[in-house]
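Novice: give the three-dimensional model of this entry:
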Amino acid sequence: MTETISTILQCVRDFLWNYILVFILLGTHLYLTFQLRAPQRHLCKALKCYFPKKGQSGGEISQFSALMVSLASNVGVGNITGVAVAVSMGGPGAIFWLIITGFLGMSTRYAESLLAIRYRVQDKDGNISGGPMYAIERGLNCKWLAVLFAVFTTIAAIGIGNLVQANTVAQTLASTVPPVVTGGVLALLVAGVLLFGLNGISRACSALVPTMAFMYLLGCGILLGVNFSFIGQAVCLIFEQAFSFSSVTGGLLGSTIVIAMREGSSRSLFATEAGLGSAPIVSAAVKTDNPVQQALVAYTAPFWTVLICTLTGVTLTTSFLAAGHTDASQFSMLDAFGTIGTIGSVLLTISLVAFAVSTLLGWSYYGEKSLEFLGGRKLISPYRAVWVVAVFVGCVIHESKIVWNFSDIANGLMAIPNLVCVIILSGVILKETRYYLKDNNLYKKDETPIPVIDKKN
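Specialist: Numbers count the residues shown, from 1 in each chain. Below is the predicted model:
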């Protein structure tokens, strides 16, 4: 019975992520890129917004801190192992389609983050809340759809954002540290961070994200330096397989280009989370002059995520070429980092652990705010206690495909209510963009007061 349930969930998960979400999310990315006249071209303006003028108000954390929390949840284990799986199943050509999909996804992240600021609310104590559930409720006047999004997010947070990440940390360190010890230490560390709420999470992520990125970039840099002579060949192979119509399994659906597009796009959609609706939850809490300013900062997260994924793919491709392999499916990132000895294995281990922990912290806030939307702030303390316990459980249990696949499905289903909201409210997004971006009012303060609502304390 258990095996049957696991198989069914695996089929649903694969169908949802490899087909349904690829078309829905990619279609939304293309639509918004066209509708907003390619907002990606304003990347330089977005980077300048990292260092805003003093005097911003209306939120709890800075724009940079919100970006770090967003990156903490985006840049997870999937950016290492997930990209390797995409290359293994879709060939090096998957990297090209990963880049294209991630670049287009910046438009959707821009749109959903703008709506998060536009429709955010606060309680009588000044605590800010926002995200797709509030945009759906206040912008679309559709409470049931908002509840559906919040339910899916809460489930996904405990599963993909907690149990999966904690289990990854424990399994990565299992050869040297018992899972029980890892679980106890990690649970205590997470509890200490959560005591300080969003400010604690943002401070931890602001320290962890740059550090983990540096460690991983260092490892990839060493590998690329060692295999420098193969970089040109790797790039050529990526482009060649990205547009190759050679048959793999027979027929059009088995052609290299179709498989590469499917694997690269689905991995990019999963890694960047653009369109899923999770990242806008933290965007709503920032101090910003106007919705467009924060939307620009937020849409750089997929950009950085794609850069890391691209580096992973190129590093893996050069490594298996240097090792004399012709089949990418027979080579992993562990194999790649292992070619530079102990330092490579250490750097990869540290990176995997840091990526998993950062994702765990980022998703804790997403789940917290979603549960708060469903039942009020009285649920926050019990939720944090459950979250800490789940961290320990995730470390000590054996991998459960049922839990993982169910969480993955909930993670994907979050996108549907969010994208309905983004598409229907695209007129609002376009209006705000024209005023603040096209008419050069990017640093003009929006004086619209944040509504105060009773959140059932």
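Novice: buried ones in stretch 178-185?
Specialist: 179, 182-183 (16 or more other Cβ atoms under 10 Å). The C-beta positions use only the backbone N, C-alpha and C, and glycine is treated the same way.
Novice: turn those into JSON lines, including pLDDT and distance to residue 335.
Specialist: JSON lines is the format used below for these (pLDDT from 0 to 100; distance: Cβ to Cβ, whole Å):
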{"residue": "179", "pLDDT": "91", "distance to residue 335": "24"}
{"residue": "182", "pLDDT": "92", "distance to residue 335": "24"}
{"residue": "183", "pLDDT": "92", "distance to residue 335": "28"}
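Novice: I'd like those residues as a markdown table, with distance to residue 372 appended.
Specialist: Below are the buried residues of stretch 178-185 laid out as a markdown table (distance: Cβ to Cβ, whole Å):
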| residue | distance to residue 372 |
| --- | --- |
| 179 | 31 |
| 182 | 29 |
| 183 | 26 |
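Novice: now the residues you listed in JSON lines, with secondary structure?
Specialist: As requested, those are exported to JSON lines (DSSP: H, G, I helix; E, B strand; the rest coil):
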{"residue": "179", "secondary structure": "helix"}
{"residue": "182", "secondary structure": "helix"}
{"residue": "183", "secondary structure": "helix"}
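Novice: list just the nearest of these to residue 301.
Specialist: residue 182 (28.2 Å; Cβ to Cβ).
Novice: just the element for the closest residue to that closest one other than its chain neighbours, please.
Specialist: In this structure, residue 182 finds its nearest non-sequential neighbour in residue 170, 4.6 Å apart by Cβ to Cβ, 6 or more residues apart in numbering. For residue 170, the host element (DSSP states H and E) is helix 164-173.
Novice: one more: residue 360?
Specialist: helix 342-375.
Novice: tell me which residues of that helix are tucked away?
Specialist: Those would be 344, 347-373, for helix 342-375 by 16+ other Cβ under 10 Å.
Novice: quick one: low-confidence residue ranges for this protein.
Specialist: Within the chain, the segments meeting pLDDT under 70 span 1, 53-58, 76-79, 245-256, 326-330, 399-400, 455-457.
Novice: so who does the spatially most central residue of it touch?
Specialist: In the chain, the centroid-proximal residue (Cα atoms, centre = their mean) is residue 74; its distance is 2.5 Å. Contact analysis of residue 74 by Cβ atoms under 8 Å, 6 or more residues apart in numbering lists 271-273, 279, 301-302, 305, 362.
Novice: what sits against the residue nearest to it when sequence neighbours are not counted?
Specialist: Spatial nearest neighbour of residue 74, excluding adjacent residues (Cβ to Cβ, 6+ apart): residue 305 at 4.8 Å. Shown in contact with residue 305 (Cβ under 8 Å, 6+ apart): 71, 74-75, 79, 102, 271-272.
Novice: so which helix or strand takes in residue 305?
Specialist: helix 300-322.
Novice: residue 128 against residue 116, yeah?
Specialist: No - using Cβ atoms under 8 Å, residue 128 makes no contact with residue 116, being 10.2 Å away.
Novice: between those two, who's got more neighbours?
Specialist: For residue 128 and residue 116, the more surrounded residue by other Cβ atoms under 10 Å is residue 116, and the numbers stand at 30 against 20.
Novice: and the more buried one, how far from residue 421?
Specialist: 10 Å (Cβ to Cβ, to the nearest Å).
Novice: who touches both of the two?
Specialist: 132, 135.
Novice: picking up where we left off before, widest-spaced pair of the contacts of residue 74?
Specialist: 302 and 362 (14.4 Å).
Novice: what's around residue 324, how many residues?
Specialist: Residue 324 has 6 nearby residues by other Cβ under 10 Å.
Novice: name the SS class of it, please.
Specialist: Per three-state DSSP, residue 324 ends up coil.
Novice: so what's the backbone phi/psi at it?
Specialist: For residue 324, the backbone dihedrals (degrees, to the nearest 10) come out as phi 80, psi 10.
Novice: who are the contact partners of residue 311?
Specialist: Counting by Cβ under 8 Å, 6+ apart, residue 311 has contacts 217, 220.
Novice: let's see it at 10 Å
Specialist: 79, 83, 95, 216-217, 219-221, 223-224 (Cβ atoms under 10 Å, 6 or more residues apart in numbering).
Novice: format those as CSV; extra columns: neighbour count.
Specialist: Output for the contacts of residue 311, formatted as CSV (neighbours: other Cβ atoms under 10 Å):
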residue, neighbour count
79, 24
83, 28
95, 33
216, 24
217, 15
219, 24
220, 25
221, 12
223, 25
224, 17
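Novice: show me those residues that map onto helices.
Specialist: Among those, DSSP state H puts 83, 95, 216-217, 219-221, 223-224 in helices.
Novice: looking at those residues, which is nearest residue 388?
Specialist: Looking across the ones in helices among the contacts of residue 311 and measuring by Cβ to Cβ, the closest to residue 388 is residue 216, at 26.8 Å.
Novice: surely residue 193 meets residue 203?
Specialist: Yes - Residue 193 is in contact with residue 203 according to Cβ atoms under 10 Å; the separation is 8.2 Å.
Novice: how about the strands in this protein?
Specialist: For the chain, applying DSSP state E gives strands covering 121-122, 128-129.
Novice: and those: which comes nearest residue 209?
Specialist: That would be strand 128-129 among these, by Cβ to Cβ, at 21.7 Å.
Novice: residue 205: what's it in contact with?
Specialist: Residue 205 neighbours (Cβ under 10 Å, 6+ apart): 65-73, 193, 282, 357-359, 361-362, 365.
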